[in-house]
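Asker: pasting a predicted model and its sequence here:
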Amino acid sequence: MGKAYTEIAAGLEDAISHAKGDKSRARMHRTEAIDVKAIREKTGMSQQRFCATFGISLGALRHWEQGLRVPRGTARVLLKIVDNNPTAVISAING
């Protein structure tokens, strides 16, 4: 059998061990919760203005604020930056 098969089989065995609670090489990556509503409120903006300013769809923002979905990827990064320093981000956007 080829190298790819051997690596895939080893990965599957490791995943099964992890699922059973046995020792494995699997690593758990957990992201911290992000309070989108608190971030938006920190800016003092309405949902509509926040979305227009940062290029976020209103539907996505509402889902995040209601806890139905969580922001991922670049949206998550943007929200963390806005949380850290909203005035600098707004200033940079407005040029």
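Answerer: In hand now; what should we look at? Source: prediction; values computed, not measured.
Asker: any idea how far the residue most central in space within the chain is from Gly11?
Answerer: Against the mean C-alpha coordinate of the chain, by C-alpha atoms, centre = their mean, the closest residue is Arg72 at 2.9 Å. Between Arg72 and Gly11 the distance is 24 Å, computed by C-beta to C-beta, to the nearest Å. In this view, the C-beta of every residue, glycine as well, is placed from N, C-alpha and C.
Asker: next: Arg27.
Answerer: For Arg27, the distance to Gly11 - C-beta to C-beta - is 13 Å.
Asker: of these two, who's got more company?
Answerer: More neighbours sit around Gly11 than around the other of Arg27 and Gly11, counting by other C-beta atoms under 10 Å; the figures are 12 against 6.
Asker: give me the low-pLDDT residue ranges for this protein?
Answerer: 1 (pLDDT under 70).
Asker: end-to-end on stretch 31-46?
Answerer: Stretch 31-46 stretches 27 Å from its first residue to its last (C-alpha to C-alpha, to the nearest Å).
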